[in-house]
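Engineer: Sharing a model that was predicted from the sequence below.
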Amino acid sequence: MSSASKILAFKKDKNNNLSEKQCESFIKDYKEYKNGKISKINNPKTNKPIGDAERIKFIYDKCKHNYEFEGLSSSSKSNKSKSKSSSKSDDNEVILDSYSKVQDILYMPINTLAQNRKLIESLFSKPIILDKGLHKLKEYLEANRTASAEQNKYVNAYYKILEEINRIMTDIYMNNTVTADILTRQYGWMHGYNYDPFRMDEVASTMRPNIINSIKNTGKKINNMWKNVFYVNPTELRKLPAELSPHTLFANIIMYSEHNRNSEDIIRTLDNNIEKYLAVQFILVLIRDNNKQPGDAVNKNIFLLDALITGENIPLSYKDGSISVSKSPNWSGTPRSSSSGHSHYQSKANIERYRKTKEEMIADILRNNMNDTDISGDEWKDMPVAKLKKVISIPSVINGRTYRHAFYVKTLYQYWRNCVKSGQYQRIPFVNPYNRAPFTEEDKETIMNAMLSMYPRLQRPTYGEGRRDISYHIVQEYQYIAIVFQYIAKIPGQANILVPLIRIKVPYGFANQDIDAAHIPQILLENISFLVRNNKIFGKNMPLKPLNVLTEYNNTTLDTMEKYMDFSNKIKDAL
């Protein structure tokens with residue numbers, strides 16, 4: 001029989017397929033066989049001796065391939081050669097230099113053998129077989145666990161993530177005795193169980209523990225613990241605590257708080273919580289991979305956590321077409337130079353104006369205009385000099401006669417903006433409030449020229465629906481209207497993900513109550529829509545800073561007249 005025919009016959013013979021324990025025994029005898037101490041090897045499966053050298057070699061190679069046993073040195077190699085080889089192996093350094101590698105180590109029990117081989121290749125400075133590499137990696141992690149964070153950032157991260165994973169599972173298991181009993185009986189959960197990729201099987205063996213098989217068994221255990229999870233079902237026993245929901249974790253980053261005020265705080269919070277994000281994502285991957293139909297919600301949450309882990313797609317600022325005019329610039333008190341590009345403020349008359357006293361400025365305004373107060377109701381005499389310098393005069397021609405009215409330009413611009421952004425079915429015309437004459441294009445250009453001297457990037461007001469990264473809608477529920485705000489997370493290559501931010505329920509019954517017309521639900525919703533269009537709900541920056549009233553009543557029901565009126569009044573005050 002040819003050699004090829006023999007190999008084919010060996011492959012078909014089931015007696016040549018040994019279990020791991022049988023392979024241990026076979027390889028132990030193989031060493032003596034190679035050294036010439038024995039001429040045959042007992043097949044542990046049939047308990048019969050094998051004398052065919054080709055069959056012996058076939059079984060040996062199959063055991064080594066299936067269970068990654070370390071190969072035996074050939075008897076022809078000298079002790080000197082072995083020593084040299086050992087020396088080279090000893091200086092094979094572990095290269096653990098990224099969170100990605102840490103994550104791959106944690107996932108070893110649920111990854112394939114091929115994935116783990118590739119990981120070990122990337123973790124060592126020189127080639128090493130899987131079995132030996134896993135033992136060396138385990139020893140490296142244990143030896144460096146207590147070192148300083150600066151020296152072993154990723155070793156410490158590995159153990160922190162493990163702690164987070166096990167804390168989550170312990171909290172779920174210990175929720176109550178009924179939960180613990182069901183999880184124990186149906187899914188093999190155990191009191192005091194701690195997930196550990198290198199958890200070794202407690203089996204008696206004359207050889208060192210088989211680490212590959214132990215990792216495989218750990219994978220079977222942890223996968224079984226997370227089978228049949230109904231992810232979006234509120235009664236699911238294995239659901240994540242509310243504070244660890246990916247939506248909550250993401251909202252904590254984009255929402256303003258005492259410890260999250262600006263982009264620097266956002267970056268710091270992301271860095272400080274990366275181990276928590278990785279632990280939660282590990283649990284979600286288990287849920288996704290162990291359920292036939294986990295639903296789109298799991299994948300979306302995994303993508304959200306990817307954004308938190310990598311820091312990508314996390315907004316540090318929000319750029320809108322209209323720049324906020326809520327803050328005044330720092331003025332030097334001197335005229336702008338001709339290089340400013342704003343001709344309206346380059347005339348000699350304008351330069352002289354900086355040198356006039358407050359009384360003279362007020363006299364000029366009153367002499368040349370018909371109104372002694374601004375449209376805000378403020379009298380000119382009560383304004384500081386900085387504001388008086390920004391008062392412009394707008395002419396109106398009525399019946400052949402010209403009338404002039406003075407306006408503090410910032411107030412006039414905001415009035416213009418509110419008119420433009422008013423509801424399309426109740427559009428407010430931009431007219432002179434003193435005589436109802438429409439403002440002309442020339443008037444608008446005068447307003448913009450004055451505003452651009454303060455805000456060089458400012459644009460003309462345009463009608464819009466507020467922030468493009470916020471979704472606002474009303475949900476009709478049984479006996480309630482739900483006011484819902486969500487953040488639109490944009491993940492490249494994926495559909496947009498809506499992250500819940502604010503949800504407030506209003507009973508339908510208030511529509512039939514004998515209350516002031518200004519507070520009926522329809523008007524309340526109109527007022528909220530106005531605030532949305534004018535970017536007054538969350539502001540124009542990042543982190544999002546919601547109105548205090550929305551934070552106060554978030555996740556509540558306005559189930560009393562007192563609550564409803566308080567909410568409605570505070571919304572009106574924000575207009």
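Structural biologist: On my side now, so go ahead. Numbering: from 1, shown residues only.
Engineer: Does residue 154 touch residue 97 like I think?
Structural biologist: Yes: the pair residue 154 and residue 97 passes the contact test of CB atoms under 8 Å, sitting 6.7 Å apart. Every residue, glycine included, has its C-beta placed from N, CA and C.
Engineer: Between these two, which has more neighbouring residues?
Structural biologist: The residue with more neighbours, out of residue 154 and residue 97, is residue 154; 16 against 12, by other CB atoms under 10 Å.
Engineer: State the distance from the more buried one to residue 146.
Structural biologist: Distance, residue 154 to residue 146, using CB to CB, to the nearest Å: 15 Å.
Engineer: With residue 20 instead?
Structural biologist: With CB to CB as the criterion, residue 20 and residue 146 are 34 Å apart.
Engineer: For these two, indicate the residue with more neighbours.
Structural biologist: Neighbours were counted for residue 20 and for residue 146 using other CB under 10 Å; residue 20 has more, 16 against 10.
Engineer: list the contacts for the more buried one?
Structural biologist: Contact analysis of residue 20 by CB atoms under 8 Å, 6 or more residues apart in numbering lists 66, 67, 210, 213.
Engineer: Could you report the pLDDT at the nearest residue to the second one once chain neighbours are set aside?
Structural biologist: Right, the one you point to is residue 67. Sequence neighbours aside, residue 20 is the residue nearest to residue 67 in space, at 5.1 Å (criterion: CB to CB, 6 or more residues apart in numbering). Note for residue 20: predicted pLDDT of 81.
Engineer: Same question for residue 27.
Structural biologist: So, for residue 27, pLDDT stands at 87.
Engineer: any idea how far stretch 528-543 is from the chain center?
Structural biologist: 22 Å (CA atoms, centre = their mean, to the nearest Å).
Engineer: could you dump that stretch to PDB, C-alpha only?
Structural biologist: Output in PDB follows, covering the C-alpha atoms of stretch 528-543 (Å, rounded to 0.1, in the frame of the first residue of the first chain):
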ATOM      1  CA  ILE A 528     -41.900  73.700  23.200                       C
ATOM      2  CA  SER A 529     -41.700  73.700  19.400                       C
ATOM      3  CA  PHE A 530     -40.700  77.300  19.400                       C
ATOM      4  CA  LEU A 531     -37.900  76.700  21.900                       C
ATOM      5  CA  VAL A 532     -36.700  73.700  19.700                       C
ATOM      6  CA  ARG A 533     -36.600  75.900  16.600                       C
ATOM      7  CA  ASN A 534     -34.600  78.500  18.400                       C
ATOM      8  CA  ASN A 535     -32.100  76.200  19.900                       C
ATOM      9  CA  LYS A 536     -33.300  77.000  23.400                       C
ATOM     10  CA  ILE A 537     -33.900  73.500  24.600                       C
ATOM     11  CA  PHE A 538     -30.300  72.200  24.700                       C
ATOM     12  CA  GLY A 539     -28.400  75.300  23.700                       C
ATOM     13  CA  LYS A 540     -26.000  75.400  20.800                       C
ATOM     14  CA  ASN A 541     -22.900  73.800  22.300                       C
ATOM     15  CA  MET A 542     -21.600  70.500  23.600                       C
ATOM     16  CA  PRO A 543     -22.200  69.000  26.100                       C
END
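Engineer: Could I get the average pLDDT for that stretch?
Structural biologist: 89.
Engineer: buried ones in it?
Structural biologist: Under the neighbour-count criterion of 16 or more other CB atoms under 10 Å, stretch 528-543 has 528-535, 537-543 buried.
Engineer: Please report phi then psi for the closest residue to residue 555 other than its chain neighbours.
Structural biologist: Among residues not flanking residue 555 along the chain, residue 503 sits closest, at 5.9 Å (CB to CB, 6+ apart). Backbone geometry at residue 503, expressed as degrees, to the nearest 10, gives phi -140, psi 120.
Engineer: List the residues that contact residue 114.
Structural biologist: Applying CB under 8 Å, 6+ apart to residue 114 gives no contacts.
Engineer: Quick check: next helix or strand after the helix or strand hosting it?
Structural biologist: Residue 114 is part of helix 113-123, with elements assigned from DSSP states H and E. Downstream of helix 113-123, the first helix or strand assigned by DSSP H and E is helix 130-143.
Engineer: residues in contact with the helix or strand just after that next one?
Structural biologist: Sequence-wise, the next helix or strand downstream of helix 130-143 (DSSP H and E) is helix 153-173. Under the contact criterion CB under 8 Å, 6+ apart, helix 153-173 has outside partners 96-99, 101-102, 105-106, 140-141, 144-145, 147, 149, 179-180, 183, 189, 191, 193-196, 225, 237-241, 244, 274-276, 278-280, 282-283.
Engineer: hmm, 7 Å instead?
Structural biologist: Around helix 153-173, the neighbours that count as contacts under CB atoms under 7 Å, 6 or more residues apart in numbering are 96-99, 102, 105-106, 141, 144-145, 149, 179-180, 183, 189, 194-196, 238, 240-241, 244, 275-276, 278-279, 282-283.
Engineer: now do stretch 497-515
Structural biologist: 247, 250-251, 255, 300, 303-304, 471, 479-489, 491, 520-521, 546, 550, 553-559, 564.
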